[in-house]
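Colleague: Next input, structure requested:
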Amino acid sequence: MFLWHFLFALIIAVVLAAIFGVGLRRHRWGMYLWLFFILLFLFTWVGGVWVTPFGPAMWGVPFFSFLFAGLLAVLLLAALIPSPRETRRPAGPETREEERQAAIAINAFFWILLIGLIIAIIVAYF
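Modeller: Presented below is the predicted three-dimensional model:
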């Protein structure tokens with residue numbers, strides 16, 4: 001089951017990330033699309049494993065739970081992306097310090113979330 005879960009999560013995450021990346025091509029993605037894909041893949045896998053299975057089964061895996069988790073994750077992550085037309089504030093010393101502190105907090109949150117999702121996947125199989 002592990003392999004099928006992995007493949008379903010991977011395929012759904014690739015398709016949703018591709019649709020999302022093309023749909024929001026106004027943004028300058030760079031490395032952020034890979035980070036988005038990793039989070040989407042892990043959210044899809046965790047949701048598919050932990051949500052009560054529903055829908056038709058393919059190769060013994062009810063894939064609707066994976067699809068539902070992936071769609072929910074992509075919508076939540078899409079809501080967090082700022083508009084490219086967002087106006088920038090003048091860069092003063094206070095603003096730079098605030099942005100640095102915000103970047104540190106977001107970075108810490110990303111790594112804690114990533115580790116938490118990996119732990120949730122491991123726990124689901126043991």
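Colleague: Going by C-alpha atoms from here, please, whenever you check contacts or count neighbours.
Modeller: Fine.
Colleague: Leu77 and Phe37: what is the separation?
Modeller: Distance from Leu77 to Phe37, counting by Cα to Cα, to the nearest Å: 10 Å.
Colleague: what about those two, which has more around it?
Modeller: Remark: of Leu77 and Phe37, Phe37 carries more neighbours, 21 against 13, as counted by other Cα atoms under 10 Å.
Colleague: quick one: contacts for the more buried one?
Modeller: By Cα atoms under 8 Å, 6 or more residues apart in numbering, Phe37 lies in contact with 13-14, 17.
Colleague: What values do phi and psi take at the closest residue to Ile118 other than its chain neighbours?
Modeller: Leaving aside its sequence neighbours, Ile118 sits nearest to Leu42 (Cα to Cα, 6 or more residues apart in numbering; 7.2 Å). Note on Leu42: backbone dihedrals following degrees, to the nearest 10 are phi -70, psi -40.
Colleague: got any ranges where this protein has weak pLDDT?
Modeller: Residues of the chain that meet the criterion pLDDT under 70 lie in 24-31, 82-94.
Colleague: show me where it has helices.
Modeller: 2-23, 32-50, 64-79, 93-125 (DSSP state H).
Colleague: which of these sits most buried?
Modeller: Counting by mean count of other Cα atoms under 10 Å, helix 32-50 has the highest mean neighbour count of the helices of the chain, with a mean of 21.
Colleague: quick one: it to chain centroid distance?
Modeller: Helix 32-50 has its C-alpha centroid displaced from the chain centroid by 4 Å (Cα atoms, centre = their mean, to the nearest Å).
Colleague: ditto for stretch 59-70
Modeller: Distance, centroid of stretch 59-70 to centroid of chain: 16 Å (Cα atoms, centre = their mean).
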